[in-house]
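1. Sharing a model prediction with you, sequence too.
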Amino acid sequence: MRQLLLSFVEPTRREPGCLEYHFHEDRDAPGVFVFYEAWRSEADLEAHLALPHLRDFWERRMDYLEQDLEIRRLTMHSPYQERPVR
């Protein structure tokens with residue numbers, strides 16, 4: 001599972017509208033994974049979720065998981081500021 005989820009990171013980071021995409025594992029509960037994602041817009045997130053590999057994962061997720069995903073959509077109150085490219 002770890003390798004499958006890790007394989008999503010680099011391609012997702014290259015998607016239009018992806019501001020942040022981080023994959024974490026709970027230190028005290030190995031096998032408990034958390035993604036932290038920030039997207040430029042809801043439309044960018046929806047385009048990401050519509051990709052074939054994510055649709056396939058979503059449809060087959062219970063083949064991998066002991067319990068269903070917990071998804072929380074947050075509102076960012078401290079938006080990103082453009083930074084100069086170094």
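-> Perfect, thanks for sending it.

2. Check which element follows the helix or strand where residue 3 lies along the chain.
-> In this assignment (DSSP states H and E), residue 3 forms part of helix 2-6. Downstream of helix 2-6, the first helix or strand assigned by DSSP H and E is helix 9-13.

3. So which bits of the helix or strand hosting residue 57 are buried?
-> Assigned by DSSP H and E, residue 57 belongs to helix 52-60. Neighbour counts over helix 52-60 (16 or more other C-beta atoms under 10 Å) mark residue 57 as buried. For the C-beta atoms, the positions are set from N, CA and C on the backbone; glycine is no exception.

4. Tell me how many other residues crowd residue 19.
-> 13 (other C-beta atoms under 10 Å).

5. my guess is it meets residue 40, correct?
-> Yes: contact criterion C-beta atoms under 8 Å: residue 19 and residue 40 qualify, at 6.0 Å.

6. show me what contacts residue 8?
-> For residue 8, the contact set (C-beta atoms under 8 Å, 6 or more residues apart in numbering) comprises 23, 53, 54.

7. residues in contact with the last one?
-> The reference is to residue 54. Here residue 54 is in contact with 8, 48 (C-beta under 8 Å, 6+ apart).

8. From residue 78, how far out is it?
-> According to C-beta to C-beta, to the nearest Å, residue 54 stands 27 Å off from residue 78.
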